[in-house]
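Asker: coords below, sequence missing:
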């Protein structure tokens, strides 16, 4: 039997991965040598051993003839110096296995039981002859082999060079003689049997000569018990005893086959008696190398790599790196890190994933904040101007009540930017739900009420001289707040069904490279929830745009329809651009920054469009052209509507002072108006 491959004691990974018969030793593969090897069998054995080039140590449990043939096969395969041989006591310090192949066997480590020569046995054995040792049936065969002769003349062959034994040959005189090393163990074994039988007889047959009935026949199990309990001093003085497994204590001498100055010899390098005592400095390896060579089937894996055992060779493995979000849980297994953790660079443990949020210093926040601050400043400037000139005709004509409501919505649109950048918590997330859509709802509800009022006035004027219902300021406020309440009601239902909370999203920034993974601190507002939150505002915006289109033919002399129309067209363009940018970046690594910046800028631009197109012209007139801020004469509803209808057929004459009146309006004023008609006040800008 050959055991191939071993691991140095310093490799803990080997101890844990291989089948071991002793600590620190692992078997890469085992090869059986047949009892009757066929031609080429040892060449095939060497070929198998070469399959693992990093495992070089071969432990042999074979007889000396098989050892010799295996060394020959290794030399034939040009493996001199590659394999490191460890032989059992069947190799020991014998010359025959290494004869004429010393270079292949160099460095071989072998063992022999520690023994002493028994002088009494030498005297006895040397005195044995064919005459005084007839009881040993194998002694005649030993005599022929030892003296190279034949006892029978008929066995001689001509030309063989073998002579006839004379019976005058003497052992140790006419032949070389060396006491077999196991003699002392044979003697001790015989004495152990004798002591066991004696104690057994003494216990089972006290005072009885010969075998008593209790020992006839002898029970083997009982005898084994007595043998194992035997303890006496052996032939050389060593204690003979057996442990609980029935084994005698091992005492071995360790040899190494070394070549020094072209002379090969077995040199004692250590011994074993309950523990190993080895003189490493006395060891010498092939080529005269002093450093202990390495023999390991597979190198230890690097940190973060698991060992994938090769099927059929438990001492060999392939190293596979733990990839992605995996870490090395044990030498064989990679496990996924917890959802809120990522592996370190070496994939040996998991670390918390860093949590990020939109910082005020980020360019993605700075630009929206600048726009919002400028917008809020402009809004306050308009509000202050309107309050200061609250009783002037141009402010009155613009519908003061709805104007202040619209300005409130514009302010909230700008203020939303700060809510979107604040560090998310329960309070901030609740305010986001409320105000993200509220500002737009207020703005578009006010604009929708205005455009609807204008549309109803002129549609009513086409068929009747009476004013339509619900066009008073109070009615307009009720309609506006009714539309706004729908948004608030939806938010309240949302709060009831799903209370707001801040959370850390570890999937949003879970990149392929774990080192770039981040957790995003955000509110629990998904993309779908955001669409639902802004959906009502979008509906108001689209409806307002429809009414703005329907009233596009009304001249500026009578109303704000055209500025509102331009406002809504521009706003629609802004939000049409917002949708692909917002949802097109949902898979981007910068999703949080891009979407937040896009949303806040879009909301601010919507507010800026309304502020710029609807209020800045009025502020300009109020502050820089007060001569135009005067009241006009009252006109009847019928006259106004008729003028508005007919104005489509005439080109307006633009006056230098900014008035846009038609000739038809002038003729209506000249011819007078029927009594008891409904009159409305109008300015250059609104009905």
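Answerer: Received the coordinates, thanks. Note that the structure is predicted; figures quoted are calculated from it, not measured.
Asker: okay, and residue 307 sits in which element?
Answerer: strand 305-310 (DSSP states H and E).
Asker: what residues does that strand touch?
Answerer: 13, 17, 298, 301, 316-322, 328, 331-334 (CB atoms under 8 Å, 6 or more residues apart in numbering). The C-beta positions use only the backbone N, C-alpha and C, and glycine is treated the same way.
Asker: just the closest of these to residue 605, please.
Answerer: Among the contacts of strand 305-310, residue 322 lies closest to residue 605 (CB to CB), at 48.2 Å.
Asker: can you pull out the helices in the stretch 451-600 of the chain?
Answerer: With DSSP state H, counting those that start in this stretch, the ranges of helices along the stretch 451-600 of the chain come out as 473-497, 527-550, 561-584, 591-614.
Asker: what does the stretch 151-300 of the chain give?
Answerer: For the stretch 151-300 of the chain, helices defined by DSSP H, counting those that start in this stretch occupy the ranges 183-204, 220-228.
Asker: likewise the stretch 1-150 of the chain?
Answerer: 12-17, 41-49, 64-76, 102-105, 119-126, 139-147.
Asker: switch those over to CSV; also include mean neighbour count, mean pLDDT and distance to residue 441.
Answerer: Converted to CSV, the helices of the stretch 1-150 of the chain look like this (neighbours: other CB atoms under 10 Å; pLDDT from 0 to 100; distance: least, CB to CB, whole Å):
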stretch, mean neighbour count, mean pLDDT, distance to residue 441
helix 12-17, 17, 37, 66
helix 41-49, 18, 91, 82
helix 64-76, 20, 93, 91
helix 102-105, 20, 92, 94
helix 119-126, 12, 91, 116
helix 139-147, 15, 91, 116
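Asker: can you list those in TSV and add distance to residue 254?
Answerer: Output for these, formatted as TSV (distance: least, CB to CB, whole Å):
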stretch	distance to residue 254
helix 12-17	22
helix 41-49	23
helix 64-76	17
helix 102-105	16
helix 119-126	25
helix 139-147	30
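Asker: looking at those, spot the one closest to residue 346.
Answerer: Of the helices of the stretch 1-150 of the chain, the one closest to residue 346 (CB to CB) turns out to be helix 12-17, at 15.8 Å.
Asker: now residue 229: phi and psi?
Answerer: phi -90, psi 0 (degrees, to the nearest 10).
Asker: just list the residues touching it, thanks.
Answerer: 196, 199, 242.
Asker: can you tell me the strand partners of the strand holding residue 307 and which way each runs?
Answerer: Using DSSP bridges, strand 305-310 pairs in its sheet with strand 313-321 (antiparallel).
Asker: quick one: low-confidence ranges for the stretch 251-400 of the chain?
Answerer: Nowhere does the stretch 251-400 of the chain drop to pLDDT under 70.
Asker: centre of the chain to stretch 620-627, how far?
Answerer: Distance, stretch centre to chain centre, for stretch 620-627: 68 Å (CA atoms, centre = their mean, to the nearest Å).
Asker: likewise stretch 30-49?
Answerer: Centroid displacement of stretch 30-49 relative to its chain, using CA atoms, centre = their mean, is 46 Å.
Asker: ok, what's across the strand from residue 87?
Answerer: As assigned using DSSP bridges, the partners bridged with residue 87 are residue 60, residue 110.
Asker: who touches it in this structure?
Answerer: Neighbours of residue 87 in contact, by CB under 8 Å, 6+ apart: 60, 67, 97, 108-111.
Asker: re the thing from before, residue 117: which of the helices of the stretch 451-600 of the chain is closest?
Answerer: The minimum distance between residue 117 and the helices of the stretch 451-600 of the chain falls on helix 591-614, with 88.7 Å, by CB to CB.
Asker: between that closest one and helix 561-584, how big is the angle?
Answerer: Counting by axes from the mean of the first three to the mean of the last three CA atoms, to 10 degrees, helix 591-614 lies at 180 degrees to helix 561-584.
Asker: re the thing from before, so which of the helices of the stretch 1-150 of the chain comes closest to residue 393?
Answerer: helix 12-17 (92.5 Å).
Asker: before we move on, back to that, which of the contacts of residue 229 tops the neighbour count?
Answerer: residue 196 (19 neighbours; other CB atoms under 10 Å).
Asker: before we move on, what's the pLDDT of that residue?
Answerer: pLDDT recorded at residue 196 is 94.
Asker: hang on, it packs against residue 222?
Answerer: No: using CB atoms under 8 Å, residue 196 is not in contact with residue 222, being 9.8 Å away.
Asker: my guess is residue 28 meets residue 315, correct?
Answerer: Yes: in this structure, residue 28 is within contact of residue 315 by CB under 8 Å, at 4.2 Å.
Asker: which residues touch stretch 174-191?
Answerer: Contacts of stretch 174-191 with the rest of the structure, by CB under 8 Å, 6+ apart, involve 92, 112-113, 115-118, 121-122, 125-126, 146-147, 169, 171, 232, 234-236, 240.
Asker: could you flag which of the residues you listed are buried?
Answerer: By neighbour count, with 16 or more other CB atoms under 10 Å, the contacts of stretch 174-191 hold 92, 112-113, 115, 118, 121-122, 125, 147, 169, 171, 234-235, 240 as buried.
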